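[1] sequence unavailable; structure follows:
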């Protein structure tokens, strides 16, 4: 298929990955809007003008609603490491596609399951979490074979920013659909959109550059030489070094940073509308719209910082380790400072502005720690992402519960405590990452071979050997060599 021949294939993968993450986050958050309509009292105006109260369609109390909404994370946390292992051995394309496809199917079934039983609905959300849990590791597995080292930050940033744009788009659209078409339309429309995306993904994207029939020879050679793929990699069957991974200090620096970023993210995402309502008396509709601004800013900053990070590295201004630490630590410190400011300011405009900066600079941090797995262990990046995202999902379970406990009376001082805790976690994450992170390939991951030959074996009917790429002009590989030399001076 001749698709956008003037666009490098790796950027087509990035754009489709962006849309994939936008889809899965839309599928993830739509229930939080739909459940309001599902549990709100309904009224009916009789012909004689009498208003009849029909009660809610689903008489679920707050405890049951909380159980339904949180059940997703119990599935999500369970498949992160498994997803990394599967992506390493069988490829990220299929795993990512299946994760979105299965989630879309269960989303479309949600209205039926909700009407049958609350337990079936809860089980469906757990299953959705199981399938979405593999998506982040799968994408890192795909980029370990597609992203030239000098373009990792921007390609990963483009892809992951889809989650924020998907969230920003899904929340108001879900509200409009619920109001005009009924809550069931939310699940049908977003589910069908994800099904369409899945078909496009499976048709266009390939597991590796070599298995892509539409990639130019020059781009394929450029990617493979940059990453270090050789013909001998077809014979490798490398086992995941679990012990070395779990005892690696740089790995746990990434885990600590990921946990810190997600603590703030999962604290603010569900609570911002409530905070704006409690603090300034905004309606929930206005609070929802205003709360979307910080995440729109975050999506924009993620992409911009990805390009900036790559530029700083490829021009030799900063080494890989310096870029990762600068972006992660500065992002965390700025978030901590502006969160504390937002908790103490009295002007609505000032609070919105400071929260937008605080959340937005989370995108700056993402161009640091979230790409770092590809720096220190590129062939095991999917496994490391699975490990860090497992730990980083814990705040999604704990933080909302703690926040709910702390804001019982919805006072300013209670909200200040919530923001102080998040700021403290950010600072701790910055300190840990600053002292323990690395930008160099670790000794236990220094083999330049692919994880497994299954990717190429499954993509070709013959075992034709790849001739070593011959590139006479200066390539990114040369730039990378300079970067690595610069790393050695750190």
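    Structure's in. What do you need? Small disclaimer: the values here were computed from a predicted structure and weren't measured.
[2] against residue 286, how distant is residue 60?
    To residue 286, residue 60 is 26 Å away according to C-beta to C-beta, to the nearest Å. Yep, even glycine has a C-beta here, placed from its N, CA and C like the rest.
[3] neighbour count winner among those two?
    residue 60 (18 against 14; other C-beta atoms under 10 Å).
[4] count the neighbours of the residue nearest to that one when sequence neighbours are not counted for me.
    Distance criterion C-beta to C-beta, 6 or more residues apart in numbering; nearest residue to residue 60, sequence neighbours excluded, is residue 39 at 5.4 Å. Residue 39 has 17 neighbours, counted by other C-beta under 10 Å.
[5] tell me which stretches of this protein form strands.
    42-45, 51-55 (DSSP state E).
[6] contacting residues around the residue nearest to the spatial centre of the chain?
    The centroid of the chain falls nearest to residue 160 when counting by C-alpha atoms, centre = their mean (5.0 Å). Residues near residue 160 by C-beta atoms under 8 Å, 6 or more residues apart in numbering: 21, 139, 302, 366, 370.
[7] surely the last one and residue 262 touch.
    No. Residue 370 is not in contact with residue 262 according to C-beta atoms under 8 Å; the separation is 10.7 Å.
[8] so between these two, which is more surrounded?
    Neighbour totals were compared for residue 370 and residue 262, and residue 370 leads with 28 against 23 (other C-beta under 10 Å).
[9] low-confidence stretches in the stretch 51-200 of the chain?
    51-55 (pLDDT under 70).
[10] my bad, the stretch 301-450 of the chain
    447-450.
[11] now the helices for it?
    Assigned by DSSP state H, counting those that start in this stretch, the stretch 301-450 of the chain shows helices spanning 320-344, 348-360, 362-369, 372-376, 381-406, 412-436.
[12] between the second one and helix 412-436, how big is the angle?
    If you take axes from the mean of the first three to the mean of the last three C-alpha atoms, to 10 degrees, helix 348-360 sits at 30 degrees to helix 412-436.
[13] identify the residues contacting helix 348-360?
    Residues contacting helix 348-360 (C-beta under 8 Å, 6+ apart): 264-265, 268, 272, 276, 279-280, 282, 290, 293-295, 297-298, 300-301, 334-335, 338-339, 341-342, 345.
[14] repeat the analysis, applying 7 Å as the threshold.
    268, 280, 290, 293-295, 297-298, 301, 334-335, 338-339, 341-342, 345 (C-beta atoms under 7 Å, 6 or more residues apart in numbering).
[15] which pair of the residues you listed spans the longest distance?
    280 and 301 (25.0 Å; C-beta to C-beta).
[16] more neighbours: the two, which one.
    It is residue 301, of residue 280 and residue 301, that has more neighbours when counted by other C-beta under 10 Å, with 25 against 15.
[17] pull the contacting residues for the nearest residue to that one once chain neighbours are set aside.
    Leaving aside its chain neighbours, residue 301 sits nearest to residue 363 (3.3 Å; criterion: C-beta to C-beta, 6+ apart). By C-beta under 7 Å, 6+ apart, the contact set of residue 363 is 298, 299, 301, 302, 305.
[18] nearest to residue 113, out of the helices of the stretch 301-450 of the chain?
    Nearest of the helices of the stretch 301-450 of the chain (C-beta to C-beta): helix 381-406, 22.5 Å.
[19] list the helices and strands the closest one packs on?
    Other elements packing on helix 381-406 under the criterion 3 or more C-beta pairs under 7 Å, 6 or more residues apart in numbering; DSSP states H and E are helix 62-76, helix 80-90, helix 135-146, helix 242-246, helix 249-280, helix 372-376, helix 412-436.
[20] could I get those helices as a markdown table with distance to residue 207?
    Shown next, in a markdown table, are these (distance: least, C-beta to C-beta, whole Å):
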| stretch | distance to residue 207 |
| --- | --- |
| helix 62-76 | 24 |
| helix 80-90 | 9 |
| helix 135-146 | 7 |
| helix 242-246 | 23 |
| helix 249-280 | 25 |
| helix 372-376 | 17 |
| helix 412-436 | 32 |
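[21] which of the ones you listed sits closest to residue 200?
    Nearest of the helices and strands packed on helix 381-406 (C-beta to C-beta): helix 135-146, 15.4 Å.
[22] residue 206 versus the closest residue to residue 249 other than its chain neighbours, what's the distance?
    Once flanking residues are discounted, residue 249 sits nearest to residue 436: 5.1 Å by C-beta to C-beta, 6+ apart. Note on residue 436: its distance to residue 206, by C-beta to C-beta, is 36 Å.
[23] higher neighbour count, the two?
    More crowded of residue 436 and residue 206, by other C-beta under 10 Å: residue 206, with 20 against 17.
[24] that one touches residue 212, doesn't it?
    Yes. Under the criterion of C-beta atoms under 7 Å, residue 206 makes contact with residue 212 at 3.8 Å.
[25] how close does residue 11 sit to residue 329?
    Distance from residue 11 to residue 329, by C-beta to C-beta: 29 Å.
[26] those two: who's more crowded?
    residue 329 (24 against 14).
[27] so what's the closest residue to that one other than its chain neighbours up against?
    Leaving aside its sequence neighbours, residue 329 sits nearest to residue 430 (C-beta to C-beta, 6+ apart; 4.3 Å). Residue 430 makes contacts with 329, 332, 333, as judged by C-beta under 7 Å, 6+ apart.
[28] which one among the residues you listed gets closest to residue 111?
    residue 332 (40.8 Å).
[29] skip the chain neighbours and tell me the closest residue to that closest one.
    Closest to residue 332 by C-beta to C-beta, 6+ apart is residue 430, at 3.9 Å.
[30] residue 422 too?
    Nearest to residue 422 is residue 264, by C-beta to C-beta, 6+ apart, at 4.6 Å.
[31] pull the number of nearby residues for the one you found.
    Counted with other C-beta under 10 Å, residue 264 comes out at 26.
[32] try residue 349
    Neighbours of residue 349 (other C-beta under 10 Å): 8.
[33] repeat for residue 136
    Neighbour count for residue 136, taken as other C-beta under 10 Å: 29.
[34] then residue 413?
    Neighbours around residue 413, by other C-beta under 10 Å: 9.
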